[in-house]
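Enquirer: need a structure here:
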Amino acid sequence: MKINYLLKRFFFRLKNYGTIKTIEKVITFIFEDKKINLDKLVLKKNESLENIFLRFGTDKAKLDGKKTFYKFYKNLETRSKYPNYLSWILRKNLHDFDYEMGLNYRPIYEKYFNKIKNNNLKILEIGVAGGHSIASWYKFFKNSEIFGVDIKDKNFLQYKGKRLHYEKFDCLNNDEVNSYIKRHKYFDIIIDDSYHDHPFFELNIKNFFKTLKSGGLYFLEDFRDSDEKLKIIRNYNFENKKKLTSYNLTMNEIFNLIKKKKQFDHEIFDKNFNKYLFKNVKNLSIYYPKHPSSALCVIEKL
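Expert: Alright, predicted model coming up:
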């Protein structure tokens, strides 16, 4: 199927661009470094975080630009206008497109980041996929080192930069997690945009919250859908006089118990870790933007 697709692209280019340009394109496709160099990518001076998010296509914005690009790119008739993702990032008239709604986390992030965006920070995002959000952080935090981790191979990442550091590992593999933490020590900001389900939320908090520096910020995204699903399953069991055997607390419930410093039983958040959180959490805020799937928790460390 992939071969048929490539052949279709080849003959389309041959018909529209001629033999020489088509061969040049094939050679470039095979041999060039396809990653977008963020150090050479020039954006408008003082571009807003909302526009940066929209340009790179992360769903953290009010509008989701990435899906519109793929709509253009999948159609051979419209692909010539935006033949690659770099051309899409640099598109003119940024707001003159039909976009899908995003998760709209930008106002929350700006609340915490505007005062520190020029500082020299270490920022880690867990779960980066193609890298559109860490590319956004790269351009917003101009003096910071940006770290990204994901279970996908590095060649899946679409960006490179002198301040950008990517590693592949599995967050469920304790040896790999501990090795990463031992090598990188501490971070100023951690953003979890990885597996949007239990027990991954809890495991990442337990593993990575301790790596935050004093005054650091931990962000957990996209837990609303999992919470709602868990409540439905839990209620269904209750109606049938049964109960869940594990992970029966939503993240909202866990966060509120932490805020109240109230001990709770949990497979991952044991009593010792509860005490650690009660002692080290300065403030905890939960946000639900209007998007039906949006949920963002911000944990500030003492």
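
Enquirer: Low-confidence regions, the stretch 1-150 of the chain specifically.
Expert: 1-6, 8-10, 13, 15, 20-33 (pLDDT under 70).

Enquirer: how does this structure divide into domains?
Expert: Per automatic domain parsing, the domain ranges recorded for the chain read 1-32, 106-301.

Enquirer: Could you tell me the end-to-end distance of the longest one?
Expert: This means domain 106-301. End-to-end span of domain 106-301 (Cα to Cα, to the nearest Å): 21 Å.

Enquirer: which of the domains of the chain sits most buried?
Expert: Across the domains of the chain, averaging neighbours per residue (mean count of other Cβ atoms under 10 Å) puts domain 106-301 on top, at a mean of 17. For every residue, glycine as well, the C-beta is placed using N, CA and C.

Enquirer: The domains of the chain: which one's closest to residue 83?
Expert: Closest to residue 83 of the domains of the chain, according to Cβ to Cβ: domain 1-32, at 8.9 Å.

Enquirer: Quick one: closest of the domains of the chain to residue 47.
Expert: Residue 47 sits nearest to domain 106-301 of all these, at 7.6 Å, using Cβ to Cβ.

Enquirer: of all the domains of the chain, which lies closest to residue 39?
Expert: Residue 39 lies closest to domain 106-301 among those, at 5.2 Å (Cβ to Cβ).

Enquirer: okay if I get the domains of the chain as CSV plus distance to residue 84?
Expert: Output for the domains of the chain, formatted as CSV (distance: least, Cβ to Cβ, whole Å):
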stretch, distance to residue 84
domain 1-32, 10
domain 106-301, 10
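
Enquirer: Go through those and name the closest to residue 46.
Expert: Closest of the domains of the chain to residue 46 is domain 106-301, at 10.8 Å (criterion: Cβ to Cβ).

Enquirer: what sits up against the strand or helix carrying residue 272?
Expert: Assigned by DSSP states H and E, residue 272 belongs to helix 271-280. Helix 271-280 is contacted from outside by 206, 209-210, 258, 261, 263-264, 269, 301-302, using Cβ atoms under 8 Å, 6 or more residues apart in numbering.

Enquirer: Please apply the same query to stretch 239-259.
Expert: With contacts defined as Cβ under 8 Å, 6+ apart, stretch 239-259 is touched by 198-199, 201-202, 220, 223, 226-227, 230-231, 233-234, 237, 264, 266-267, 269, 274, 277-278, 281, 284, 286, 295, 297.
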